[in-house]
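>>> Provided below for reference: sequence and predicted model.
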Amino acid sequence: MSTTVNCIDTICIVVKNQEFKCDLNLARYINDVVHVGRRSLQLTPEEVGANLSYIELEISKEIAAAFKGRPSVQFKLQVEQSSGAVIVRHYSLDTTKHRQKRFKEYKSYGSWTYASIPDEGYFPYYWQHKIKKGCPVGCGPVAWAMVFGYYDRRSHYKTSTYGSGSQDLYRCGSSGTTGSKSCVAPKYSGDTRLKKYIEKIAKTLGTWCIFSNGATPAYKMDNIKGFFRARQKSGSPTVKQTNNVWRLFSRDSIARTTRSWVRSGRPVVVGTTEGGFFKWHYPVATKVRNRSRKYRRCVKIIWKICGKWHSKRQYQMFTHQGWSGTKTKWRSMSLHYAAIATY
C-alpha cells in the first residue's frame, strides 16, 4: 500500500510517532485569488504501518496571510491500495477567527409503521408478588410466565390456528405445572396457583434475593429451556438469547434482533434499565414500531449552506412491564439482553 498526500498547506502525517511533511508550493497570485501548486509525498508500506494515527495541519504565518479572507482551506488524503483501489478523504479547515455555526435541519416525522405478535390481546398481565423475607419473586420469572401464559391462552382459545401443543404449559395442579391441561392460564395475576407457578419458574432459573429485589443474571435466563421443552408438546421447543452476559451498555444489534423476533410472531423477553444504570429489568416486548424523518447538516457563514438530506429512523417497542396492574408502555429500544421461547 502506498499513501499519497496532496497538499494545499503544510501537512504533517504522523504514523507511529514518525512525521512525514509535505510543504506548501505557493505558485502565484492572479486577480487576488491564491493558486496553489500541488506536490505529493509517497510513503512506503513500512513507513505507513498498519494505521494512520491522526492528521495535523500546520499553517505558517506566510501561508495564513496568503489565505486571509478565505473562509476555509481544503486538502485531501489519498490511499492507493495494491489491489488498485483508491480511497480518498477530503478535509476542510475553517480559517476564520471564530468557528462557524454548524447545525442540523430536520423535517417532520412520518407516520408510524407497526408490527405485533399475533393475537396480542391474549398476552397476559402478570406482576411480581412478595415471597420469603418480603422479597419480590423477580422480573425474570414473571417475564417467562407471561410468555408461557400467552402460548397457553392462544392454544386454548384458537386451537384451530395454533394447535393444542401449548396447552400443557399451564395446568390445573396446585403449582400450575402438573395435572390436567384443561385449565387456561389466567389473564391477570392474583390466584394462588399462578403465584406458585411463577415461584416454580424462579426456582428453575435460580433467582435469588439481593438488595430486596429478585435477581436473575442473564446467564441463568437460559435455564428455562428444560422447563419449556418438558411442557411444549409440539414443534421443536427451545430458547434463544442474544447474549448470556448482561451488556453494561445497550447494543443496536440486540434491538435489531428483537425487532426481527417480534415481526416473526414471538414475544421477546428484553433486558432494560429502569431509571438508573444498575436498575436492571426484564419486561416482555410484544409490539414494535418505527418512523423516519429527513435531516441535513448545515453551516452558516454569510448565508446558509446545507448538505444532502439523510434519513433518520426512530424505533420503539411496546412492553408488558411485569409490575402491579396492567403496566405497559411504548419505549425506546435501548436493550442489554433479549431472549425468546420458540417452537
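In hand now; what should we look at? Numbers count the residues shown, from 1 in each chain.
>>> in space, what's closest to Pro186 - neighbours in sequence excluded?
Leu194 (5.6 Å; Cβ to Cβ, 6 or more residues apart in numbering). For the C-beta atoms, the positions are set from N, CA and C on the backbone; glycine is no exception.
>>> so that neighbour touches Gly176, yeah?
Yes. Contact criterion Cβ atoms under 8 Å: Leu194 and Gly176 qualify, at 6.4 Å.
>>> would you mind measuring from Ser189 to Asp222?
Distance from Ser189 to Asp222, counting by Cβ to Cβ, to the nearest Å: 25 Å.
>>> nope, Lys300 is what I was after
Distance, Lys300 to Asp222, using Cβ to Cβ: 54 Å.
>>> Ser189 and Asp222 - which one has more neighbours?
Ser189 (20 against 14; other Cβ atoms under 10 Å).
>>> rewinding a little: who's in contact with the residue nearest to Pro186?
By Cβ atoms under 8 Å, 6 or more residues apart in numbering, Leu194 lies in contact with Tyr126, Ala145, Gly176, Ala185, Pro186.
>>> equivalent analysis for Gly179, please.
By Cβ under 8 Å, 6+ apart, the neighbours of Gly179 are Arg171, Cys172, Gly173.
>>> of those residues, just the buried ones, ChimeraX syntax please.
With 16 or more other Cβ atoms under 10 Å as the criterion, this ChimeraX line picks the buried residues out of those:
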select :171
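>>> want to throw the contacts of Gly179 into a markdown table with distance to Ser260?
Putting these into a markdown table (distance: Cβ to Cβ, whole Å) gives the following:
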| residue | distance to Ser260 |
| --- | --- |
| Arg171 | 32 |
| Cys172 | 36 |
| Gly173 | 36 |
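>>> now flag whichever of the contacts of Gly179 is closest to Asn243.
Distance ranking of these against Asn243, using Cβ to Cβ, places Arg171 first at 32.1 Å.
>>> got phi/psi on the residue lying closest to the closest one once chain neighbours are set aside?
The shortest distance from Arg171 to any non-neighbouring residue, by Cβ to Cβ, 6+ apart, is to Gly179 (4.7 Å). Backbone dihedrals for Gly179, given as degrees, to the nearest 10, come out at phi 90, psi -170.
>>> per-residue pLDDT, Gly179?
For Gly179, the model assigns a pLDDT of 96.
>>> please apply the same query to Lys327.
Each residue has a pLDDT score; the one for Lys327 is 81.
>>> show me the helices in the stretch 51-200 of the chain, by range?
61-66, 139-157, 159-162, 192-205 (DSSP state H, counting those that start in this stretch).
>>> same question for the last one, mean pLDDT?
If you average the pLDDT over helix 192-205, you get 96.
>>> quick one: that helix to helix 139-157, angle?
Orientation of helix 192-205 against helix 139-157 (axes from the mean of the first three to the mean of the last three Cα atoms, to 10 degrees) gives an angle of 130 degrees.
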